[in-house]
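Participant: Generate coordinates for the sequence data below:
(chains A, B and C)
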Amino acid sequence: MTPKKMAIIATKGALDMAYPPLILASTAAALGWEVQVFFTFYGLQLLRKDLNGIAISPLANPAMPMPMPMPVIVSILPGMEAMATSMMKAKMKKKGVASLEELRSLCLEAEVKMIACQMTVDLFDFQKSDFIDGIEYGGAATFLGFAGNTDVCLFI
Amino acid sequence: MTPKKMAIIATKGALDMAYPPLILASTAAALGWEVQVFFTFYGLQLLRKDLNGIAISPLANPAMPMPMPMPVIVSILPGMEAMATSMMKAKMKKKGVASLEELRSLCLEAEVKMIACQMTVDLFDFQKSDFIDGIEYGGAATFLGFAGNTDVCLFI
Amino acid sequence: MTPKKMAIIATKGALDMAYPPLILASTAAALGWEVQVFFTFYGLQLLRKDLNGIAISPLANPAMPMPMPMPVIVSILPGMEAMATSMMKAKMKKKGVASLEELRSLCLEAEVKMIACQMTVDLFDFQKSDFIDGIEYGGAATFLGFAGNTDVCLFI
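Facilitator: Predicted coordinates for the structure are as follows:
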């Protein structure tokens, strides 16, 4: 039987939306699917060696379940972004959710093909040395060639 | 003729992005499609019994058409989030757009299968009693089994 | 050989997320694919004659690479939204990235079918004269008819 194929375009770089591409890619790969992820725009942050800069903002997230109601004006005070980020990370660790680094390693071990968008690399003046090993560099046209033959293609 | 199939991964919980999964799911179901929606991350908010907490933020939404230009600093004043939410709701009601509750009921009546992401339920310490009846609980792997055989699969 | 088909649902109207639908649609069309884009919610902004109102917000974008770290409280000061927008536009121009207007023209020349969501037009009291020529007006049900027969369908 031909394995299922999945293509993901990962465009977000904040902590909450960094999880879905890595969770979906590693889950599909574990099911034996062939998976390619194209990291573009802010999604490129997920390929950096150091993922500590990935943060979550309580701003503009009225849907985020907070321990207590927090007026918007409080959430813009200095330090609240860092506080929301560390609260979320602590909660995930306590609940046994894998870290971004762990999920990314799982993807690479399962031979998920990870592609950095060359245009975004150039736009933000990133260096190849900023990124982890084992990835490729390419453009949207090449990626569409794969995406056009997949069973599932997601824009995240 | 085999009916078309659609899978939706609903990850957002703010008022504006709460509409698309419910509009698309109910529209496809009305066309006779088989539809499954997987509610995960903030999207889980859409399965709560009480949808009154779903709000919209004028922050970080420079694309939102407002009646008059509003500097960012004004939009963080206490009460502006509630004001934007009630303005949007009033506008939708006046224009005859169905409410989230109505769209959700339409989906259930049309046998859209609604699945709560068990991992997110655990992560945010939700109780099953927080959610409406008639839904299922499951994981990403099971959902991908359905998604891999659909005609349309969307990440919202 | 039957050409590949792509459907895009474009729902965002901020500068950063305005690019992906237009880049992907024009790239796919250049590869000979048949492409339709359905502009709904804030995505309708991309069909306006005047695209100067499309802005980027440094708020709630902790993933945005800024020249220097910027506390959240600074980013809400009046003028920072305009400043982030002009910085991003200047960077893109310097790097040779096409403007939104150029990409949109490429799409129209390549016969990408661009459809404005009639419900959103009504909801926000837009006039047809606000929009560029060469587009169509329609609903979600009609669009799903096309989307159900595509190779790639994306919600952006």
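Participant: where do the helices sit along chain A?
Facilitator: Along chain A, counting by DSSP state H, helices occupy A:15-30, A:72-75, A:80-94, A:100-109, A:118-123, A:140-147.
Participant: I would like the residues contacting the longest one, please.
Facilitator: It refers to helix A:15-30. For helix A:15-30, the surrounding residues in contact (Cβ atoms under 8 Å, 6 or more residues apart in numbering or on different chains) are A:4, A:6, A:8, A:10, A:12, A:35, A:37, A:43, A:45-46, A:54-56, A:61, A:64, A:85, A:88-89, A:100, A:103-104, A:106-107, A:110-112, A:152, A:154, A:156, B:9, B:11, B:40-42, B:140-141, B:144, B:155, C:62. The C-beta positions use only the backbone N, C-alpha and C, and glycine is treated the same way.
Participant: So which bits of it are buried?
Facilitator: The neighbour-count check on helix A:15-30 (16 or more other Cβ atoms under 10 Å in any protein chain shown) flags A:15-29 as buried.
Participant: Using PDB, list the CA coordinates for it.
Facilitator: Taking Å, rounded to 0.1, in the frame of the first residue of the first chain, the C-alpha atoms of helix A:15-30 are listed here in PDB:
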ATOM      1  CA  LEU A  15       4.700  29.300  21.300                       C
ATOM      2  CA  ASP A  16       1.100  28.200  20.900                       C
ATOM      3  CA  MET A  17       1.100  27.900  17.100                       C
ATOM      4  CA  ALA A  18       4.600  26.400  17.000                       C
ATOM      5  CA  TYR A  19       3.200  23.200  18.500                       C
ATOM      6  CA  PRO A  20       0.600  22.100  15.800                       C
ATOM      7  CA  PRO A  21       3.000  21.600  12.900                       C
ATOM      8  CA  LEU A  22       5.400  19.600  15.000                       C
ATOM      9  CA  ILE A  23       2.700  17.500  16.700                       C
ATOM     10  CA  LEU A  24       0.900  16.800  13.400                       C
ATOM     11  CA  ALA A  25       4.100  16.000  11.500                       C
ATOM     12  CA  SER A  26       5.500  13.700  14.200                       C
ATOM     13  CA  THR A  27       2.100  12.000  14.600                       C
ATOM     14  CA  ALA A  28       1.700  11.400  10.900                       C
ATOM     15  CA  ALA A  29       5.300  10.200  10.500                       C
ATOM     16  CA  ALA A  30       4.700   7.700  13.400                       C
END
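Participant: quick one: that helix to chain centroid distance?
Facilitator: 7 Å (Cα atoms, centre = their mean, to the nearest Å).
Participant: okay, the angle between that helix and helix A:100-109?
Facilitator: Taking axes from the mean of the first three to the mean of the last three Cα atoms, to 10 degrees, helix A:15-30 and helix A:100-109 form an angle of 30 degrees between their directions.
Participant: Can you give me the separation between A:Gln36 and chain B?
Facilitator: 15 Å (Cβ to the nearest Cβ, to the nearest Å).
Participant: Identify the residue spatially nearest to that residue, adjacent ones excluded.
Facilitator: By the measure of Cβ to Cβ, 6 or more residues apart in numbering or on different chains, the closest residue to A:Gln36 outside its immediate chain neighbours is A:Lys113, 4.3 Å from it.
Participant: The one you found and A:Phe38 touch, don't they?
Facilitator: No. Contact criterion Cβ atoms under 8 Å: A:Lys113 and A:Phe38 do not qualify, at 9.3 Å.
Participant: Which one's more surrounded, these two?
Facilitator: Higher neighbour count among A:Lys113 and A:Phe38: A:Phe38, with 26 against 19, using other Cβ atoms under 10 Å in any protein chain shown.
Participant: one step back: need the per-residue pLDDT for the residue nearest to A:Gln36.
Facilitator: On pLDDT, A:Lys113 comes in at 98.
Participant: wait, what's in contact with A:Gly145?
Facilitator: By Cβ under 8 Å, 6+ apart, the contact set of A:Gly145 is C:Leu31.
Participant: Same check on A:Ser129?
Facilitator: Taking Cβ under 8 Å, 6+ apart as the definition, A:Ser129 has no contacts.
Participant: quick one: low-confidence ranges for chain A?
Facilitator: Judged by pLDDT under 70, chain A has its weakly predicted residues at A:56-84.
Participant: Residue nearest the middle of chain A, spatially speaking?
Facilitator: A:Ala18 (3.1 Å; Cα atoms, centre = their mean).
Participant: could you list every residue that touches the residue nearest to A:Gln36?
Facilitator: Counting by Cβ under 8 Å, 6+ apart, A:Lys113 has contacts A:Val35, A:Gln36, A:Val37, A:Glu136.
Participant: Count residues in the vicinity of A:Asp130, would you?
Facilitator: Neighbour count for A:Asp130, taken as other Cβ under 10 Å: 16.
Participant: what's the spacing between the closest residue to it other than its chain neighbours and chain C?
Facilitator: Nearest residue to A:Asp130 in three dimensions, chain neighbours excluded: A:Arg48, at 5.5 Å (Cβ to Cβ, 6+ apart). Counting by Cβ to the nearest Cβ, the gap from A:Arg48 to chain C is 10 Å.
Participant: what about the residue in chain A that chain C sits nearest to, distance to A:Tyr42?
Facilitator: Of all residues in chain A, A:Gly13 sits closest to chain C, at 2.7 Å by Cβ to the nearest Cβ. A:Gly13 is 3 Å from A:Tyr42, where distance means Cβ to Cβ, to the nearest Å.
Participant: before we move on, the earlier item: highest average neighbour count across the helices of chain A?
Facilitator: Mean neighbours per residue, mean count of other Cβ atoms under 10 Å in any protein chain shown, is largest over these for helix A:15-30, with a mean of 23.
Participant: between that helix and helix B:140-147, how big is the angle?
Facilitator: Using the same axes, to 10 degrees: helix A:15-30 against helix B:140-147 is 70 degrees.
Participant: List of residues touching stretch A:148-156?
Facilitator: Contacts for stretch A:148-156 (Cβ under 8 Å, 6+ apart): A:4-12, A:17, A:20-21, A:24, A:28, A:33, A:43, A:147, B:7, B:9, B:144, B:147-150, B:153-155, C:4, C:6, C:20, C:33, C:151-156.
Participant: Tell me which entries of those residues lie within strands.
Facilitator: A:5-10, B:7, B:9, B:153-155, C:6, C:152-155 (DSSP state E).
Participant: List just the nearest of the residues you listed to C:Asp125.
Facilitator: Of all the ones in strands among the contacts of stretch A:148-156, C:Phe155 has the smallest distance to C:Asp125: 25.0 Å, by Cβ to Cβ.
Participant: Sounds good, over and out.
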